[in-house]
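S.K.: Here's a sequence, model it:
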Amino acid sequence: MKRILLIAACAVSVMFSEMCPNVMAQSRRDKEQTYVLQTPYAVEKITPPKGKKIKNVILMIGDGMSLMHVYSAWTANRGKLWLDNCQAVGLSKTYCANKLITDSGAGGTALATGHKTNYHMVGVDPDGKPLESLCTLANKNGRSSGVAVTCRLWDATPADFCCHNTDRDAEAEIVTDYVNCGVDYVFGGGSKLFENRADGRDLFKELREKGYQTPRSWEELAGIKQGKVFCITDTVDTPLPAERGDLLARASMKAIELLDQNPNGFFLMIEGSQLDDYGHFNDLDLLMQETHDFDRTVGRVMQWAAQDGETLVVVTADHETGGLTLVDGELNEGKIVCKFSTGGHSGVMVPVYSFGPGYENFTGIFENTDVFWKIKKLMGL
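M.R.: Coordinates of the predicted model:
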């Protein structure tokens with residue numbers, strides 16, 4: 001309900017969509033917010049694999065997640081996160097082709113395709129030419145590919161890996177690209193633009209004609225044992241973190257179960273999508289809930305990768321959202337006191353964590369586009 005009210009408030013300013021997050025968060029801006037994680041979760045030490053072969057790559061994106069988000073979440077969980085198991089960390093520069101402060105369209109396109117593009121574009125270069133993503137390249141090279149997110153599938157980050165458009169706001173048009181994207185596993189929300197459309201198309205029907213299974217709930221998805229899957233569980237976004245439980249982790253592990261059946265390997269993108277929303281809303285409580293949910297998902301994935309031995313896990317962000325600052329707190333109590341400086345994005349560099357074979361390639365300071373080129377090279381795409 002809390003998130004619904006925030007979105008409703010945002011709709012009032014829909015004509016000024018770029019300013020909307022600032023309007024919504026203005027009452028909280030520059031005011032200290034306190035958060036205490038009442039029940040911290042356990043974190044285990046994971047022994048990294050010793051081999052060097054890279055069969056699979058899992059790219060995990062915390063949308064809007066900076067080092068401050070991570071350190072705040074670390075403090076709230078009494079000084080431990082699953083992310084602490086990563087073997088290396090680097091810093092990524094997030095500016096886009098035509099603006100210093102990027103958005104998820106351009107930021108995600110850089111990670112997905114290795115090219116800087118203009119603000120608000122998805123999966124295309126600054127001239128509007130479609131770019132090949134890591135998902136597409138994986139499929140072309142006999143690998144499987146997947147996307148699992150907590151947002152609506154017409155949102156920028158999943159679209160960056162599967163779709164092509166010069167304007168991320170062309171939502172009804174963007175989702176039609178999923179029909180021919182070729183990705184083997186897709187999980188997220190946003191069913192309202194896949195059916196009962198103004199153009200009369202039923203994209204679920206078209207996907208089934210392409211060989212996809214189209215489960216509409218976790219229960220249906222859980223029962224699938226093989227084949228291509230396009231699962232949309234909600235009309236728009238998936239529910240609040242406290243309401244959906246570990247849905248992102250379950251959907252991610254289901255993706256791994258299905259994609260790992262390909263003996264040639266796979267590429268999988270997993271996004272903790274709603275970090276960005278709660279950064280825009282300047283809502284520290286929901287932001288920490290989503291960040292911890294993302295971290296627990298990272299833990300599940302890394303545990304599997306350690307056992308697999310041939311999987312590289314890369315965890316990063318497309319940009320920072322909210323200008324979050326940790327100004328006070330108490331580590332032993334899991335208490336953090338934070339302030340936000342904006343309802344939009346900021347221009348700080350974001351972390352790039354790595355775990356598994358090839359981890360050493362992700363140290364230092366580099367362009368966000370380099371994440372693509374490093375993964376492409378390591379996978380031999």
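S.K.: Could you give me the buried positions within the lengthiest strand in the chain?
M.R.: In the chain, taking DSSP state E as the definition, the longest strand is strand 144-152. Within strand 144-152, the residues scored as buried using 16 or more other C-beta atoms under 10 Å are S144, S145, G146, V147, A148, V149, T150, C151, R152. Glycine gets a C-beta too; all of them are placed from N, C-alpha and C.
S.K.: just stretch 93-102 next, same as before
M.R.: K93, T94, Y95, C96, A97, I101, T102.
S.K.: JSON lines for the residues you listed, including distance to N139?
M.R.: Output for the buried residues of stretch 93-102, formatted as JSON lines (distance: C-beta to C-beta, whole Å):
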{"residue": "K93", "distance to N139": "29"}
{"residue": "T94", "distance to N139": "27"}
{"residue": "Y95", "distance to N139": "30"}
{"residue": "C96", "distance to N139": "26"}
{"residue": "A97", "distance to N139": "26"}
{"residue": "I101", "distance to N139": "33"}
{"residue": "T102", "distance to N139": "27"}
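S.K.: returning to what we had before: just the buried residues of strand 144-152 now: which is nearest M302?
M.R.: Closest to M302 out of the buried residues of strand 144-152 is A148 (15.4 Å), distances taken as C-beta to C-beta.
S.K.: any idea how far the closest one is from A156?
M.R.: 16 Å (C-beta to C-beta, to the nearest Å).
S.K.: likewise V313?
M.R.: 22 Å.
S.K.: What of I174?
M.R.: 9 Å.
S.K.: Quick check: neighbours shared by the two?
M.R.: Here I174 and A156 have V122, R168 as joint contacts, going by C-beta atoms under 8 Å, 6 or more residues apart in numbering.
S.K.: Remind me which helix or strand the closest residue to D63 other than its chain neighbours belongs to.
M.R.: Leaving aside its sequence neighbours, D63 sits nearest to D276 (C-beta to C-beta, 6 or more residues apart in numbering; 3.9 Å). Under the criterion of DSSP states H and E, D276 resides in helix 274-280.
S.K.: Distance from that helix to the middle of the chain?
M.R.: Here helix 274-280 is found 11 Å from its chain centre; the criterion is C-alpha atoms, centre = their mean, to the nearest Å.
S.K.: right, and the helix or strand after it?
M.R.: Trace forward from helix 274-280 with DSSP H and E and the next one is helix 284-308.
S.K.: buried ones in that next one?
M.R.: 284, 286-302, 304-306.
S.K.: swap in stretch 370-381?
M.R.: D370, V371, F372, K374, I375, K376, L378, M379, L381.
S.K.: Check stretch 188-200 too.
M.R.: G188, G189, G190, S191, K192, L193, F194.
S.K.: Hmm, R250 is touching W218, no?
M.R.: Yes: at 6.6 Å, R250 and W218 qualify as touching, with contact defined as C-beta atoms under 8 Å.
S.K.: any common contacting residues for those two?
M.R.: Joint contacts of R250 and W218 (C-beta under 8 Å, 6+ apart) do not exist.
S.K.: just to confirm, which helix or strand has M269 in it?
M.R.: Using DSSP H and E, M269 falls in strand 266-272.
S.K.: okay, the nearest residue to D84 once chain neighbours are set aside: pLDDT?
M.R.: Leaving aside its sequence neighbours, D84 sits nearest to V43 (C-beta to C-beta, 6+ apart; 7.0 Å). What the model reports for V43 is a pLDDT of 98.
S.K.: Then L6?
M.R.: The model's pLDDT for L6 equals 53.
S.K.: cool, and V14?
M.R.: 30.
S.K.: coming back round to it: test my guess that the residue nearest to D63 contacts L324.
M.R.: No: using C-beta under 8 Å, D276 is not in contact with L324, being 11.9 Å away.
S.K.: which of these two has more neighbours?
M.R.: Neighbours per residue (other C-beta atoms under 10 Å) separate D276 from L324, with D276 holding more: 31 against 26.
S.K.: before we move on, the earlier item: the buried residues of stretch 370-381 in helices, which ones?
M.R.: Applying DSSP state H to the buried residues of stretch 370-381, the entries found in helices are D370, V371, F372, K374, I375, K376, L378, M379.
S.K.: Give me the distance between the two termini of stretch 209-219.
M.R.: 22 Å (C-alpha to C-alpha, to the nearest Å).
S.K.: and for that stretch, what are the contacting residues?
M.R.: By C-beta under 8 Å, 6+ apart, stretch 209-219 touches 179-180, 191, 204, 207-208, 221, 223-224, 227-233, 247, 250-251.
S.K.: Now do it: distance to the chain's middle.
M.R.: With C-alpha atoms, centre = their mean, you get 21 Å for stretch 209-219.
S.K.: swap in stretch 321-340?
M.R.: With C-alpha atoms, centre = their mean, you get 23 Å for stretch 321-340.
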